[in-house]
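>>> Sequence first, predicted coordinates after that:
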Amino acid sequence: MKKLMVLCTGNSCRSQIAHGYFEKFSGNNIEVYSAGVETHGVNPRALLVMNEDGVDISNNTSNNILEYNDITFDFIITVCDSAKERCPYFPSKSLHIHHSFSDPASATGTEDQILDSFREVRDEIKTFVRGFIKQYLSDIA
């Protein structure tokens, strides 16, 4: 079974959202991990907007990438520029993919405006994950 890591700065929003969609759209035919170069806890707004789309990530935890040093990943996906720059070296032949998404946790305004930012990023990540699976994992989905 292929192993996929989604990496972000704090493993609280973008990587958690991608993690949820990779599990949903792959039919659990890949091992999905997510981590951060830091840990900030899973953002409650990420939980909320994923639940709105029928994806439950409430059991996810915020993990540090160093916890996974002994795992050989087939794919490592960074979803923010900071994580790309700070991503540790993994001695493997994993395919590294980078796609930077805006950080919804930095959104300002009313609660509705902030949630709209989370929804926008969620939808962008959803589209990215579907495209990734179609391009790299079409044999399993």
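Right, received. Where do you want to start?
>>> after the worst-scoring helix or strand of the chain on mean pLDDT, next one along is what?
In the chain, no helix or strand scores lower on mean pLDDT, DSSP states H and E than helix 81-86, which sits at a mean of 61. Downstream of helix 81-86, the next assigned helix or strand under DSSP states H and E is strand 95-98.
>>> Give me the sheet partners of that following strand and which way each runs.
strand 75-78 (parallel) (DSSP bridges).
>>> Assumed Gln16 was part of a helix.
Yes. Using DSSP: H, G, I helix; E, B strand; the rest coil, the assignment for Gln16 is a helix.
>>> do you know how far it is from Asn69?
Noted for Gln16: a distance of 21 Å to Asn69, by CB to CB, to the nearest Å. Placement of C-beta: from N, CA and C, glycine included.
>>> Compare these two and say which is more crowded by neighbours.
Using other CB atoms under 10 Å as the criterion, Gln16 and Asn69 rank with Gln16 on top: 27 against 9.
>>> dump the residue contacts of the more buried one.
Ser34, Val42, Asn43, Ala46, Met50, Ile57, Asn60, Ser62 (CB atoms under 8 Å, 6 or more residues apart in numbering).
>>> Give me the neighbour count for Asp116.
15.
>>> got the buried residues for whatever helix or strand it lives in?
In this structure, Asp116 sits in helix 111-136 according to DSSP H and E. Residues 114-115, 117-119, 121-122, 124-126, 128-129, 132-133, 136 are the ones in helix 111-136 that count as buried (16 or more other CB atoms under 10 Å).
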